[in-house]
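>>> kindly return the folded structure for what I paste below:
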Amino acid sequence: MSTTHAAEPPHPDPQGPGPEAAEAASHGSERARDSERSRIRPVVASAAVGQFVEFYDFLVYAYVASTISHHFFAPGDPLAGTLKTFGVFALGFSMRPLGGLLFSHLGDRLGRRGVLAAVILLMGGATAAIGVLPTYAQAGAWAPVLLTLCRMVQGLSAGAETIGSNTLVAEHSPARRRGLFVSLSSTCINIPGIFAASLVLALTHLMGAPAFSEIGWRLCFLLGGAFALVGLVIRFRVQESPDFRRTVQRDAVPRVPVLESLRRHPGAILLAFALSVLSGLGFYTISGYMSTYLTTTARMEPTEALGSNAIALGALLVLQPVGGWISDAWGRGRTLTAGAAGIAVAAYPAYWLAGHGTFAAAVAGQVLLAAALALYFGPVTSAVLEIFPPRLRFSAAALGFNLAYLLFAGTAPFVSTWLVSVSGSTTAPAVYLAAVAVAVGLVTLTFRPRGPIGLAEPCEPNEGGSRP
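Here you go, the predicted structure:
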């Protein structure tokens, strides 16, 4: 009779792994990090350049509005010409939701990479085209028609850039660092305001006002086209989203992503809308309204107002990725709640300080507001994208985001100016911003992330809803 003995497990080495094994593990970890950085770097760069071009297009048009009015509309009534110029600007902005619907549909159906290449090409092409358009003196009524068409193409394509490019970044990023990488790309929307204003001022100074009005303004738009070409070259180096590739492999590509998103995830779309309301209002308050507030309400000189605003945007540029980094460690939900609370608390003292009319007070007030906004802006884009399953992510996120920006971001300067006018209070816009921050902060309290990386875990293709 034979006896079978069980094999004894190997005894662990009391000394632990040898130095050779530890060194090999260290080298392997370094190679993995290097591979991750080399893969994500062009994706972040592509998104950063695309969002720079998107906002540069709109801002440089606003900065040279008086010159546009002079060249593209019938002479005789400067005020009417200016109103028409800003009417064309608003028409371009109103095209963004339509562009978001169109290109996000294609992005969820055909892939992110190719659609985003087309988006940046259209944005840059339309911007450069404005730089070579004939004037009213040369083409008559065709001049404003062509200008309007270019602005419509700009708005149409820009409606997909922010969400689309950040979707690509999020889907390439490791979950543990997604907030940081997405915030590194999205913070670049703070650069165009500084750059466009500096460019217009520098060209006007170097060329002289008459030469800038004749030819210099065209260089601003042509430069936007050149930036878009740089972004296009970088975008061609980017691989397709791994999440989209998996969706194709599972044969789970949606037929009509927007309709399926509305049917399956209406609550998640409303959540994305609510989160985007505060980011849109906050961004256009600090970038689009504060300089006007300083000149009209605080009676500051325009150069001082623009200078102080540029410092605040620079602070936001640096601090926003810190908010994304914090959310990777602390969770999107908690960081968003803290950011919304910070905005609500900081809004009134920020306006009160800025309203003193001195350069130092204006810088202090705006930097205070920028610091609060940064904590919210850092995680918000990642949070919006993480709400939705990959197969519908582009379309569903774009729907909530663009609707919020249409209703609250584009109207921020108008509503803030109107509130000061009807109330007689110079801090009325602060009350508006704080009230919205409180409302959105309450929304962020209704959910909590399952883990440290986001508001919701990605849903599988066949699941019926998101899980906030």
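>>> next, count neighbours for Ser38.
9 (other C-beta atoms under 10 Å). Where C-beta positions appear, they are placed from N, C-alpha and C, glycine not excepted.
>>> wait, what's in contact with Tyr136?
In this structure, Tyr136 makes contact with 71-75, 143-144, judged by C-beta atoms under 8 Å, 6 or more residues apart in numbering.
>>> please apply the same query to Leu445.
By C-beta under 8 Å, 6+ apart, the neighbours of Leu445 are Thr337.
>>> surely Ala346 is in a helix?
Yes - secondary structure of Ala346 (DSSP: H, G, I helix; E, B strand; the rest coil): part of a helix.
>>> please name the nearest non-neighbouring residue to it.
Ala372 (4.0 Å; C-beta to C-beta, 6 or more residues apart in numbering).
>>> what packs against the helix or strand hosting the one you found?
Assigned by DSSP states H and E, Ala372 falls within helix 359-386. Other helices and strands packing on helix 359-386, by 3 or more C-beta pairs under 8 Å, 6 or more residues apart in numbering; DSSP states H and E, are helix 142-172, helix 178-186, helix 266-284, helix 290-296, helix 302-330, helix 332-354, helix 393-404.
>>> how about CSV for these, with mean pLDDT and mean neighbour count added?
As requested, those are arranged in CSV below (pLDDT from 0 to 100; neighbours: other C-beta atoms under 10 Å):
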stretch, mean pLDDT, mean neighbour count
helix 142-172, 92, 24
helix 178-186, 95, 27
helix 266-284, 94, 23
helix 290-296, 85, 21
helix 302-330, 92, 21
helix 332-354, 96, 23
helix 393-404, 94, 28
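>>> tabulate the ones you listed (CSV), appending distance to Val436.
Output for these, formatted as CSV (distance: least, C-beta to C-beta, whole Å):
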stretch, distance to Val436
helix 142-172, 20
helix 178-186, 20
helix 266-284, 6
helix 290-296, 16
helix 302-330, 18
helix 332-354, 8
helix 393-404, 11
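>>> out of those, which gets nearest to Ser213?
Among the helices and strands packed on helix 359-386, helix 142-172 comes nearest to Ser213, with 15.7 Å by C-beta to C-beta.
>>> angle of the closest one against helix 178-186?
Between helix 142-172 and helix 178-186, the angle comes out at 160 degrees (axes from the mean of the first three to the mean of the last three C-alpha atoms, to 10 degrees).
>>> looking at this, Gln138 is in a strand?
No - counting by three-state DSSP, Gln138 is not found in a strand; it is helix.
>>> what's the burial count for it?
10.
>>> Val256 versus that one, what's the distance?
45 Å (C-beta to C-beta, to the nearest Å).
>>> now Met300
Met300 is 51 Å from Val256, by C-beta to C-beta.
>>> so where is the stretch 351-468 of the chain shaky, pLDDT-wise?
447-468 (pLDDT under 70).
>>> low pLDDT regions in the stretch 1-150 of the chain?
Scanning the stretch 1-150 of the chain for pLDDT under 70 picks out the ranges 1-37, 77, 79-80, 82-83, 86.
>>> rerun at 80
Along the stretch 1-150 of the chain, segments meeting pLDDT under 80 span 1-39, 62-63, 65-66, 76-93.
>>> show the buried residues in the contacts of Tyr136.
Burial by neighbour count, judged by 16 or more other C-beta atoms under 10 Å, picks out 71-73, 143-144 from the contacts of Tyr136.
>>> okay if I get those as CSV plus distance to Ala383?
Output for the buried ones among the contacts of Tyr136, formatted as CSV (distance: C-beta to C-beta, whole Å):
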residue, distance to Ala383
His71, 43
Phe72, 41
Phe73, 43
Ala143, 44
Pro144, 41
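>>> hang on, the earlier thing: out of the helices and strands packed on helix 359-386, which is closest to Leu368?
So among the helices and strands packed on helix 359-386, helix 332-354 is nearest, using C-beta to C-beta, at 4.7 Å.
>>> which parts of the host helix or strand of Val230 are buried?
Val230 is located in helix 217-236, with elements delineated by DSSP H and E. Neighbour-count burial for helix 217-236 flags 217-218, 220-221, 223-225, 227-232, 234-235 (criterion: 16+ other C-beta under 10 Å).
>>> quick one: that helix to helix 142-172, angle?
Using the same axes, to 10 degrees: helix 217-236 against helix 142-172 is 30 degrees.
>>> who are the packing partners of the helix or strand following helix 217-236?
Downstream of helix 217-236, the first helix or strand assigned by DSSP H and E is helix 242-249. Secondary-structure packing of helix 242-249 (3+ C-beta pairs under 8 Å, 6+ apart): helix 142-172.
>>> so what's the gap between the helix it packs on and the chain middle?
The chain centre lies 12 Å from the centre of helix 142-172; the measure is C-alpha atoms, centre = their mean, to the nearest Å.
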